[in-house]
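# Need coordinates for the following:
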Amino acid sequence: MIDLSKTIDLSTTYLGLKLKNPLVASSSPMCEDVGNIRRMEDAGAAAVVLHSLFEEQIEIESDELDRFITETSSISSEAQTNFPELTKPVRSTEGYLEHVAKCKQAVRIPVIASLNGTTKGGWLRYAKQIQQAGADALELNIYYIPTDANVTGEQVEQQYIELVEAIRAEVRIPLAVKLGPYFSSMANMGRKLDAAGADGLVLFNRFYQPDYDLEALEVVPNLILSNSHELLLRLHWIAVLYGSIKADMALTGGVHSATDVIKAMMAGAKVAMMTSALLKRGISYLDTLSTELLVWMGEHEYDSIKQMQGSMSRNAVPQPKAFERANYVKVLSSYAMK
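The predicted structure is shown next:
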């Protein structure tokens, strides 16, 4: 039997980093444990994005964080989800830097740190310290839901741009920006972030929507893991942006199978990031995905990942209008009641 790993090249590049394949473990509580990160490397992950250091942690002393999370109503829902009932000690900002250093010593794959917030605050100082701790790159997980009716869309965009510009001026390591899809002109925003110094865009952040507890009459956090259907929005915008910006693109949200990874590559992504799939199936699932990727590529006569990247982007398909309104009309007209 032919060893497909010797005849098919799964390698890719992301943020200037050479990766053995496009499988990246994205930011999650799993990444708080060095042992998990070692297992991710052993199972085939090409890189790992560490769990986020939250803006709330930077601004508030760790011994006050318990009270803050319990009492405040302004903390982001993602931060609340990351600290369920605080059943274990919250890692301090200094502890996060130590974790970055320990991970770099423990594995050979790139380690990407993550900052989660919306304002400059202490980000600049910690961005530099994260670089000094040895992180190979930094992901800015910008989690901002504007609720002030006086804030315009232009002001929201400018907040993103200024944050990226400020951090880009302070660090030399590659900088990726993880953002949501809720901009009036995503293509224009992609170009602005590109010009601001982002080396990569991570599409898209999943905003966790709160639910109502009708008995207690309380608003409660609601965490639902992703599914492959969520891939479609990401594919759309990566395919549209491919070729129009210099920044590398990572697809995150909805990657659960080798087919999902292949679609991400064909749209124009450099890597496919995943968390929910690993939570559902275990870290060893990375090895399964790698094997299935090789089998599919062998059956369809692809020699490398690079060969397929962008092959189904808006600029490459015979009908680019399929990414625009024409596709909307076609889908609606093709549906028939049974």
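# show me where the stretch 151-300 of the chain has helices.
With DSSP state H, counting those that start in this stretch, the ranges of helices along the stretch 151-300 of the chain come out as 153-168, 186-196, 231-241, 258-267, 276-281, 285-299.
# okay, those, which one's buried deepest?
helix 258-267 (a mean of 23; mean count of other Cβ atoms under 10 Å). C-beta: built from backbone N, CA, C; applies to glycine.
# re earlier: want to try JSON lines for the helices of the stretch 151-300 of the chain, with distance to Gly95 and mean pLDDT as columns?
Formatted as JSON lines, the helices of the stretch 151-300 of the chain follow (distance: least, Cβ to Cβ, whole Å; pLDDT from 0 to 100):
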{"stretch": "helix 153-168", "distance to Gly95": "21", "mean pLDDT": "92"}
{"stretch": "helix 186-196", "distance to Gly95": "30", "mean pLDDT": "96"}
{"stretch": "helix 231-241", "distance to Gly95": "32", "mean pLDDT": "95"}
{"stretch": "helix 258-267", "distance to Gly95": "33", "mean pLDDT": "97"}
{"stretch": "helix 276-281", "distance to Gly95": "23", "mean pLDDT": "95"}
{"stretch": "helix 285-299", "distance to Gly95": "27", "mean pLDDT": "96"}
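# After the worst-scoring helix or strand of the chain on mean pLDDT, which helix or strand is next?
In the chain, the helix or strand scored least confidently by mean pLDDT, DSSP states H and E is helix 77-82, which has a mean of 44. Next along the chain after helix 77-82, taking DSSP states H and E as the criterion, comes helix 93-106.
# Okay, buried residues for that following helix please.
93, 96-97, 99-101, 103-104 (16 or more other Cβ atoms under 10 Å).
# who does the very next helix or strand once past that helix touch, helix- and strand-wise?
Counting by DSSP H and E, the next helix or strand C-terminal to helix 93-106 is strand 111-117. With contacts taken as 3 or more Cβ pairs under 8 Å, 6 or more residues apart in numbering; DSSP states H and E, strand 111-117 sits against strand 47-54, helix 55-59, helix 93-106, helix 123-132, strand 137-142.
# Among the ones you listed, which comes closest to Gly16?
strand 137-142 (8.2 Å; Cβ to Cβ).
# strands paired with the closest one, and their directions?
Strand 137-142 has its sheet partners listed here by DSSP bridges as strand 111-117 (parallel), strand 175-179 (parallel).
# now the angle between helix 153-168 and it, please.
160 degrees (axes from the mean of the first three to the mean of the last three Cα atoms, to 10 degrees).
# Using a markdown table, please lay out the buried residues of helix 93-106 together with distance to Ser114 and pLDDT.
Shown next, in a markdown table, are these (distance: Cβ to Cβ, whole Å; pLDDT from 0 to 100):
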| residue | distance to Ser114 | pLDDT |
| --- | --- | --- |
| Thr93 | 13 | 82 |
| Tyr96 | 10 | 93 |
| Leu97 | 13 | 94 |
| His99 | 11 | 96 |
| Val100 | 10 | 97 |
| Ala101 | 15 | 97 |
| Cys103 | 12 | 97 |
| Lys104 | 15 | 97 |
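# Any regions of this structure where pLDDT drops low?
Residue ranges of the chain with pLDDT under 70: 1-2, 56-91, 118-119, 121-122, 325-338.
# Now the helices of the stretch 151-300 of the chain in CSV, please, with extra columns for distance to Leu17.
Converted to CSV, the helices of the stretch 151-300 of the chain look like this (distance: least, Cβ to Cβ, whole Å):
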stretch, distance to Leu17
helix 153-168, 17
helix 186-196, 18
helix 231-241, 19
helix 258-267, 17
helix 276-281, 20
helix 285-299, 18
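# does Lys18 sit in a helix, a strand or a coil?
At Lys18 the chain is in strand, as set by DSSP: H, G, I helix; E, B strand; the rest coil.
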